[in-house]
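Colleague: Compute the structure for the input listed below.
(one chain, ligands or ions: 1)
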Amino acid sequence: MAVLKAALVFVAVAVFLAYYCDEPVPQGIAEPRLFAKVVGMMFKTAKNLAKLAEYVGVGTQPRNTRSIVNALIGVGLKLQGTSYREGLQISDATFNGVKVRVYTPESAAKSRTKVPGLVFIHGGGWVLLNVDGYDPLTAHIAKQLGIVVVSVEYRLAPEHLFPAAFDDCVAATKFFLQNAELYNVDRTRIGISGDSAGGNLAAAVTLALTKEKGLPKLKTQALLYPALQALDFNTPSYTDHGHLNTLTKDSMVSFWLWYLSNDLSFKEVFKTNNHTSEQLKKSQYAGYVDHKVVVKSVKKGSIKFPEIPNVAIILDPRFAPLMADDADFKGLPSTFVMTCEYDVLRDDGVMFAKRLQKAGAKVSHDHYKHGFHGFLNQFDVYESAGTAMQNYLGYLKKNL
Ligand SMILES: *[C@@H]1O[C@H](CO)[C@@H](O)[C@H](O)[C@H]1NC(C)=O
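Modeller: Coordinates of the predicted model:
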């Protein structure tokens, strides 16, 4: 009997695993395709465990997801060792009250001429990850380019709603621009960069600081598969790739909502674009996302929204940089946008690059036909991500 029971359990587990692991990975994703599958399965597992824990009364989904992801990354970092940090002076500091980590290559510390600097803002949907999880990436950038990198430990949602993360990134960036000399950095050669939600924040900070007087100008912004709009969740990239577990449409909408209001009861409403009115769907803002929309210009103040907490914020460029008007793009520094085909955020980046170009800004757009969301963090193990990293560093080298 015991044997039969064990066999039944075994079969049940095997069937479950076969079903659970049967992740469809698109043919076009870069080889080895198994890699994207494993990354996707890890996110799916973290999400399901986090939800399950919340369901049985342990924590909340966003906090649980954060703990699980941090634990997984912690194991990865332990296995990796710390040799990647050799040749760098790394210290934690506070810039205008915001925690940051500063990476200074020994060559830059000793250099008799000032070196360029880069503010880096990590991704994770405004909810997950931290400076620690990005340590290998930020160290790599500093080392490869011989520049000082400042990684920002901004406050996370949903504990801190918009604009907390934005405010922290502005405050830290301003401090670095104003006190660059303390770090042997040339204040006229400071750029800003970030991936995913960090790309959102980098773009938002750049838009805001371009308008500030009496501050050194940012030299460049480099946005890696940024999230730039919460107006339309049915863009072709959301529709085509919303099922990919490396970043599902469901997760991305959840992240936006945790950042906006921490009210996920509106998730289905956002997923079906029912958070915007017909008037807004035909306004210039819709045209910012999809240039095929025939638009009728409307004043921001006259736009009506359904009864949803904080929903009007989706038109605020500090929240969603793609909602900036063309006039806001005046004076922007040279811009790099990286997009991946297998990413719900592809069209956000594509449209931003197009709009900047049209507005006369200097834009470089790298698109990875076989790339997927978040792949750059795997630059040292995933060949196509290594190539993307080279191109990103090449851009920064030329433009800082
Ligand atoms: C979205 O709006 C459509 C049309 O009004 C409606 O049929 C649908 O039930 C709504 N869905 C959600 C999730 O609100």
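Colleague: Report how many residues lie close to the residue of the stretch 301-400 of the chain found nearest the ligand.
Modeller: For the stretch 301-400 of the chain and the ligand, the shortest gap (Cβ to the nearest ligand atom) falls at residue 306, measuring 9.1 Å. In this view, the C-beta of every residue, glycine as well, is placed from N, C-alpha and C. Counted with other Cβ atoms under 10 Å, residues neighbouring residue 306 total 11.
Colleague: now do residue 101
Modeller: Residue 101: 21 surrounding residues under other Cβ under 10 Å.
Colleague: So which residues on the chain come close to the ligand?
Modeller: For the chain, the contact set with the ligand under Cβ under 6 Å from any ligand atom comprises 268-269, 272, 274.
Colleague: which of the residues you listed count as buried?
Modeller: residue 269 (16 or more other Cβ atoms under 10 Å).
Colleague: Redo the residues of the chain next to the ligand as TSV? Include distance to residue 118.
Modeller: As requested, these are arranged in TSV below (distance: Cβ to Cβ, whole Å):
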residue	distance to residue 118
268	39
269	38
272	39
274	40
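Colleague: Show me the residues of the chain next to the ligand that map onto helices.
Modeller: Filtering the residues of the chain next to the ligand for membership in helices, criterion DSSP state H, returns 268-269.
Colleague: Same list (the residues of the chain next to the ligand) but as a markdown table, adding pLDDT.
Modeller: A markdown table is the format used below for those (pLDDT from 0 to 100):
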| residue | pLDDT |
| --- | --- |
| 268 | 98 |
| 269 | 98 |
| 272 | 98 |
| 274 | 98 |
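Colleague: And the residues of the chain next to the ligand, which two are furthest apart?
Modeller: Maximum pairwise distance among those (Cβ to Cβ): 8.0 Å, between 268 and 274.
Colleague: Can you list the buried residues in stretch 197-211?
Modeller: For stretch 197-211, the neighbour count (16+ other Cβ under 10 Å) marks 197-210 as buried.
Colleague: hmm, I was thinking of stretch 366-374
Modeller: By 16+ other Cβ under 10 Å, the buried positions in stretch 366-374 come out as 366, 368, 370-374.
Colleague: now swap in stretch 239-247 and tell me
Modeller: Buried-residue list, stretch 239-247, by 16+ other Cβ under 10 Å: 240-242, 244-247.
Colleague: Pull the distance from the longest helix seen in the chain to the chain's centre.
Modeller: Ranked by residue count, the top helix of the chain under DSSP H comes out as helix 33-55. Taking Cα atoms, centre = their mean, to the nearest Å, one finds helix 33-55 lying 18 Å from the centre of the chain it belongs to.
Colleague: try stretch 6-13
Modeller: Taking the mean of its C-alpha atoms, stretch 6-13 sits 41 Å from the chain's own mean (Cα atoms, centre = their mean).
Colleague: Next: stretch 312-327.
Modeller: Worked out by Cα atoms, centre = their mean, stretch 312-327 lies 17 Å from the chain centre.
Colleague: what's the span of that stretch, first residue to last?
Modeller: End-to-end distance of stretch 312-327 (Cα to Cα, to the nearest Å): 21 Å.
Colleague: One more: stretch 369-379?
Modeller: End-to-end distance of stretch 369-379 (Cα to Cα): 16 Å.
Colleague: Same check on stretch 154-173?
Modeller: Note: stretch 154-173 ends 11 Å apart using Cα to Cα.
Colleague: buried stuff in that stretch?
Modeller: Within stretch 154-173, the residues scored as buried using 16+ other Cβ under 10 Å are 154-158, 160-173.
Colleague: Show me those that map onto helices.
Modeller: If you go by DSSP H, the buried residues of stretch 154-173 have 164-173 in helices.
Colleague: Secondary structure of residue 31: a strand, I assume?
Modeller: No - read with DSSP: H, G, I helix; E, B strand; the rest coil, residue 31 is coil and lies in no strand.
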